[in-house]
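Student: how would this look folded up:
(one chain, ligands or ions: 2)
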Amino acid sequence: MFPEAGTGYSYEDCMATADWLMAQTDIRPTVGIVCGSGLGGLADTLKDQVAFNYKDIPNFPQSTVHGHAGRLVFGTLKGRPCVCMQGRFHLYEGYPVQKVALPMRIFKLLGVETVILTNAAGALNEDFKVGDIMIIKDHINMPGFAGNNPLVGPNEERFGVRFPCMSDAYDRELQQLAMDVGQDLGYGEFLREGVYCVVAGPSFETIAESRMLHRLGADAVGMSTAFEVIVARHCGMRVFAFSLITNQVVMDYDSEEKANHEEVLEAGKQREQQVEQLICTMVTRIEHNNNYA
Ligand SMILES: O=P(O)(O)O[C@@H]1C[C@H](O)[C@@H](CO)O1
Ligand SMILES: Nc1nc2[nH]cnc2c(=O)[nH]1
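Tutor: Numbering: from 1, shown residues only. Ligands and ions are numbered 1, 2, ... in the order given. Model prediction:
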């Protein structure tokens with residue numbers, strides 16, 4: 001049923017990739033960042049950059065989606081050593097779910113302690129607007145109900161336990177930090193919190209599917225993040241994630257709206273600066289505030 005589960009993603013494979021990277025740069029990141037669709041600009045703001053194209057990194061998948069540059073960028077953000085994925089992998093690109101989330105294990109082996117993930121998502125919550133930033137407090141892994149969980153396969157104890165807890169997946173202190181930073185930056189009007197639901201994609205939702213997800217308790221829907229979060233938590237890293245609301249999901253048969261990737265990228269462009277500022281300030285405060293560190 002899962003032919004590729006457990007092959008090519010061993011501890012030794014991940015270690016080989018991490019060793020290769022550490023031999024190319026002296027930067028030892030403690031924060032790892034994953035940039036969602038159209039949100040890759042943050043990587044360009046890192047200082048003292050050392051960047052790798054995914055195609056040059058051993059065992060690494062390739063980005064195939066417009067808006068995902070396919071570069072792993074090491075550098076510093078306000079003096080703090082970071083590694084930033086400028087582009088991520090999705091189930092709909094044809095990768096097994098284990099491969100989609102593989103970079104989290106590389107992060108761990110590089111020394112990353114805190115992971116910050118971003119994504120573009122459609123709003124199911126009717127109070128949300130395009131341009132809102134939704135701090136993710138929990139997720140629903142829809143493909144997971146059909147067996148698409150990145151931890152399927154033999155468990156590697158050196159990464160984590162067989163049955164990891166997920167009720168604390170999204171670090172509450174980091175959520176509070178994001179709220180505080182957002183308020184300080186004057187982002188209160190477009191800062192929200194909510195539940196993210198991942199679907200496999202690449203087709204956007206039908207109206208019936210959207211209504212169902214909304215009734216199940218999801219505030220936003222997307223095609224990523226939850227798989228990475230599961231693997232990051234399995235190996236003991238702290239996780240913070242947010243969605244940029246790029247479109248209102250169509251839930252009305254009379255609507256003329258049609259979801260499309262171009263509007264997703266455009267919404268990313270419009271909020272790029274605030275997204276970067278939020279992450280950058282959070283990273284600084286994680287470093288300097290022991291309550292959050
Ligand atoms: O990588 P993310 O989750 O930000 O990308 C979202 C989901 C699809 O890949 C794409 C749809 O426009 O944006
Ligand atoms: N599944 C899904 N992913 C998205 N990514 C950005 N917007 C959407 C959306 O409306 N649905």
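
Student: Verify the stated contact: Ala69 with Gly40.
Tutor: Yes: Ala69 lies in contact with Gly40 (C-beta atoms under 8 Å); the separation is 5.2 Å. C-beta here means a position set from N, CA and C on the backbone, and glycine is covered the same way.

Student: what touches both of the two?
Tutor: The contact sets of Ala69 and Gly40 overlap at Gln86, Gly87 (C-beta atoms under 8 Å, 6 or more residues apart in numbering).

Student: who's more crowded, these two?
Tutor: The neighbour comparison of Ala69 against Gly40 (other C-beta atoms under 10 Å) goes to Gly40, with 25 against 18.

Student: need the contact list for that one.
Tutor: Per C-beta under 8 Å, 6+ apart, neighbours of Gly40: Gly67, His68, Ala69, Gln86, Gly87.

Student: farthest-separated two in the residues you listed?
Tutor: By the measure C-beta to C-beta, Gly67 and Gln86 form the most distant pair in those, at 10.2 Å.

Student: Which one of the two is surrounded by more residues?
Tutor: Gln86 (24 against 19).

Student: Could you pull up the contacting residues of the more buried one?
Tutor: Contacts for Gln86 (C-beta under 8 Å, 6+ apart) come out as Cys35, Gly40, Ala43, Asp44, His68, Ala69, Gly70, Arg71, Leu72, Val73.

Student: Kindly report the same for Tyr92.
Tutor: Ala200, Gly201, Pro202, Met223.

Student: Specify which member of these is nearest to ligand 1.
Tutor: Met223 (3.7 Å; C-beta to the nearest ligand atom).

Student: give me the number of residues near the residue nearest to that closest one when sequence neighbours are not counted?
Tutor: Nearest residue to Met223, sequence neighbours excluded (C-beta to C-beta, 6 or more residues apart in numbering): Gly201, at 3.7 Å. Neighbour count of Gly201, defined by other C-beta under 10 Å: 16.

Student: Glu205 too?
Tutor: The number of residues near Glu205, taken as other C-beta under 10 Å, comes to 21.

Student: near ligand 2, which residues of the stretch 151-293 of the chain show up?
Tutor: The stretch 151-293 of the chain comes close to ligand 2 at residues Val199, Gly201, Phe204, Glu205, Val221, Gly222, Met223, Thr246, Asn247, Val249, Ala259, Val264, as judged by C-beta under 6 Å from any ligand atom.

Student: need those in JSON lines with secondary structure and pLDDT, can you?
Tutor: As requested, these are arranged in JSON lines below (DSSP: H, G, I helix; E, B strand; the rest coil; pLDDT from 0 to 100):
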{"residue": "Val199", "secondary structure": "coil", "pLDDT": "98"}
{"residue": "Gly201", "secondary structure": "coil", "pLDDT": "92"}
{"residue": "Phe204", "secondary structure": "coil", "pLDDT": "96"}
{"residue": "Glu205", "secondary structure": "coil", "pLDDT": "97"}
{"residue": "Val221", "secondary structure": "strand", "pLDDT": "98"}
{"residue": "Gly222", "secondary structure": "strand", "pLDDT": "98"}
{"residue": "Met223", "secondary structure": "coil", "pLDDT": "97"}
{"residue": "Thr246", "secondary structure": "strand", "pLDDT": "95"}
{"residue": "Asn247", "secondary structure": "strand", "pLDDT": "95"}
{"residue": "Val249", "secondary structure": "coil", "pLDDT": "96"}
{"residue": "Ala259", "secondary structure": "coil", "pLDDT": "86"}
{"residue": "Val264", "secondary structure": "helix", "pLDDT": "85"}
